[in-house]
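Participant: Fold the following for me, if possible:
(one chain, ligands or ions: 1)
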Amino acid sequence: MPERVADAPWLVWLLEAIHRGQSGLLQLLHGLGWTGDVDGQPAWPWTQRLAGEYLLLDQGQARQLVWSLAAVIATLALLVLAVLWRRRRGYSLCLLGLALAAVVLAPWPSHQVVLVQAGPASFHRNPLPFTDVAIVRGAAQYQRLCLQCHGAAGNGQGPDAAAQAVWPPSFIGPLLWRRADGELLQAVRHGVRDGQGHTTMPGFAGQLSVDQSWELLHFLRAQAAGQLLNATGNWAQPIALPDMALRCHRSDKTRVRDWQGQRLRLVSLADAEGLPPDPRMVTLWLPPAGQQLPAIPEQVDCIVTSAATARQALGLVNADAAMRDVQLLADKAGWLRARNSRAVGNWSDEDLLCRSTQVPANPGTPVAEDSLTRILRLMDVEPVLYIKGGRVHGVR
Ligand code: HEC
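Facilitator: Okay, the predicted model is just below:
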């Protein structure tokens, strides 16, 4: 999927236009008071929405949609001309005829491809930042309300799974990265029904606040990323370095997200003394939990101040509760890209855990690159892109 998106910029443009058009319409309806709120954001009033998801799989249909949209725009232009030239009746009738023909003859794509089921929360966005605190809070709710069906690892193998009419899905796959956040929220808060209207999953709006529900979705992705790493050896679906509280030599930086635009290296060594400094990235030190916060060592730029919470959240993302001697690299947009758990030392191509293609050779520079340089270069040249809820996500 990522290769396909990167190779077809016009499709990216089309998906974004489809999304923005509908969000704009929703904002307008909400502004006019024609649609209310649900779970704190404007409610989508229809049971269907235009979707880009399937257009990606069927570029022929996507092309048809582009032609049809062009026909609609041409029609509007012809109608305006017809009104302007209404004195010259012959011309304006002719223009009206042309306008009608443009709409009728446009190669409309099949509606099954362009329309998908939608609900009131389809266009909701997760308003909470992806932080260690949110992930850990979500984890507690998951143990309380979801684990018995979805299983301790989120693989759909909970003790009550077999008793359900439909088997609960495994989150260790693309599900959480494909469905729109709002539609996942809707499932969690208002339940899921099958084609006959029977409840297949109960809703939890009575037991969870809206914020707790969004935190749960952050947790689900963090856990699924770690389980995918476990199962495939890669972050097969992209995951961001969670935002965490920091103390830095530079006092204007107090959180991971304040460093957006820089490459980040997070190290969880027990002792940061032996760490060679590297000017190509910002180094964050995750100190051992449970001890008083040490002073910021010279070799690093910042220390993570919420060490216990951060260890728990990163433990999920890395499927490694101990988080001992781990080094993580995040790209300039904040996505986790590489991981080295062999204490300090050399990097290898296998440490690049989030990539869209095979590691390409380096055609440009004649000088041999060391592995870390190569990983940093690939992080920069291959931005993360994926399609979620018909929208292109990634570059942030
Ligand atoms: C009683 C068992 C049960 C419990 C408890 C439960 N689920 Fe589910 N869940 C299911 C089943 C079954 C499905 C599949 C429903 C379907 O596809 O018809 C599902 C589907 C989902 C989906 C996918 C929805 C989609 O649109 O594809 C999400 C996300 C989800 N559950 C999250 C949660 C969360 C979060 C909790 C805890 C707050 C939870 N579930 C608790 C049984 C359960």
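
Participant: Just give the closest residue to the residue of the stretch 251-396 of the chain at minimum distance from the ligand, not the sequence neighbours.
Facilitator: With CB to the nearest ligand atom as the measure, residue 389 is the residue of the stretch 251-396 of the chain nearest to the ligand, at 11.0 Å. Quick note: C-beta positions are derived from backbone N, CA and C, even for glycine. Nearest residue to residue 389 in three dimensions, chain neighbours excluded: residue 180, at 2.5 Å (CB to CB, 6 or more residues apart in numbering).

Participant: just residue 124 next, same as before
Facilitator: residue 182 (3.3 Å).

Participant: Please export the C-alpha coordinates of the helix or strand hosting that neighbour as PDB.
Facilitator: Assigned by DSSP states H and E, residue 182 falls within helix 181-190. Presented in PDB, the C-alpha positions along helix 181-190 are these (Å, rounded to 0.1, in the frame of the first residue of the first chain):
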ATOM      1  CA  ASP A 181     -10.500   6.700  14.200                       C
ATOM      2  CA  GLY A 182     -14.100   8.000  14.500                       C
ATOM      3  CA  GLU A 183     -15.500   4.700  13.300                       C
ATOM      4  CA  LEU A 184     -13.400   2.800  15.800                       C
ATOM      5  CA  LEU A 185     -14.600   5.200  18.500                       C
ATOM      6  CA  GLN A 186     -18.100   4.600  17.500                       C
ATOM      7  CA  ALA A 187     -17.700   0.800  17.800                       C
ATOM      8  CA  VAL A 188     -16.200   1.200  21.300                       C
ATOM      9  CA  ARG A 189     -18.800   3.600  22.600                       C
ATOM     10  CA  HIS A 190     -22.000   2.500  20.800                       C
END
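
Participant: Which residues outside it are in contact with it?
Facilitator: 39, 41, 118-126, 176, 201, 203-205, 208, 210, 213-214, 216-217, 220, 388-389 (CB atoms under 8 Å, 6 or more residues apart in numbering).

Participant: next SSE after that helix?
Facilitator: In the C-terminal direction from helix 181-190 (assignment by DSSP H and E), the next one is strand 192-193.

Participant: touching the ligand at all, that following strand?
Facilitator: Yes: counting by CB under 6 Å from any ligand atom, the ligand has neighbours in strand 192-193: residue 192.

Participant: How far off centre is stretch 271-280?
Facilitator: 31 Å (CA atoms, centre = their mean, to the nearest Å).

Participant: for that stretch, which positions count as buried?
Facilitator: Using 16 or more other CB atoms under 10 Å as the burial criterion, the residues of stretch 271-280 that qualify are 272, 275.

Participant: Just the terminal-to-terminal distance for it.
Facilitator: End-to-end distance of stretch 271-280 (CA to CA, to the nearest Å): 21 Å.

Participant: what's the burial count for the residue of the stretch 251-396 of the chain closest to the ligand?
Facilitator: 24 (other CB atoms under 10 Å).

Participant: try the one 5 residues further on
Facilitator: Using other CB under 10 Å, the number of residues around residue 394 comes to 16.

Participant: circling back to that earlier point, separation between the residue of the stretch 251-396 of the chain closest to the ligand and residue 193?
Facilitator: 20 Å (CB to CB, to the nearest Å).

Participant: Does stretch 147-154 reach the ligand?
Facilitator: Yes: with CB under 6 Å from any ligand atom as the measure, stretch 147-154 is seen reaching the ligand through 148, 149, 150.

Participant: Which secondary structure elements does the strand or helix carrying the first one sit against?
Facilitator: Spelled out, that is residue 148. Taking DSSP H and E as the definition, residue 148 sits inside helix 147-150. For helix 147-150, there is no helix or strand it packs on, judged by 3 or more CB pairs under 8 Å, 6 or more residues apart in numbering; DSSP states H and E.

Participant: That helix: how far from the chain's middle?
Facilitator: Worked out by CA atoms, centre = their mean, helix 147-150 lies 24 Å from the chain centre.

Participant: could I have stretch 113-128 exported to CSV, CA atoms only?
Facilitator: Written as CSV, here are the backbone C-alpha positions of stretch 113-128 (Å, rounded to 0.1, in the frame of the first residue of the first chain):
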residue,chain,number,x,y,z
VAL,A,113,-16.8,1.5,-4.8
VAL,A,114,-17.3,5.1,-3.8
LEU,A,115,-19.8,4.9,-0.9
VAL,A,116,-19.2,3.1,2.4
GLN,A,117,-21.2,2.8,5.6
ALA,A,118,-20.8,5.7,7.9
GLY,A,119,-22.0,6.7,11.3
PRO,A,120,-22.3,10.0,13.3
ALA,A,121,-18.6,9.8,14.5
SER,A,122,-17.1,8.9,11.1
PHE,A,123,-15.3,12.2,10.8
HIS,A,124,-14.2,12.5,14.4
ARG,A,125,-10.5,13.0,15.1
ASN,A,126,-8.7,11.8,18.2
PRO,A,127,-8.3,15.1,20.0
LEU,A,128,-5.8,13.7,22.5
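
Participant: remind me which residues of the stretch 201-350 of the chain are low pLDDT?
Facilitator: Along the stretch 201-350 of the chain, the parts satisfying pLDDT under 70 run over 343-345.

Participant: again, 80 this time
Facilitator: 274, 291, 342-346 (pLDDT under 80).

Participant: Please name the nearest non-neighbouring residue to the closest residue to the ligand within it.
Facilitator: Residue nearest to the ligand within the stretch 201-350 of the chain (CB to the nearest ligand atom): residue 201, separated by 3.4 Å. Nearest residue to residue 201, sequence neighbours excluded (CB to CB, 6+ apart): residue 192, at 4.2 Å.
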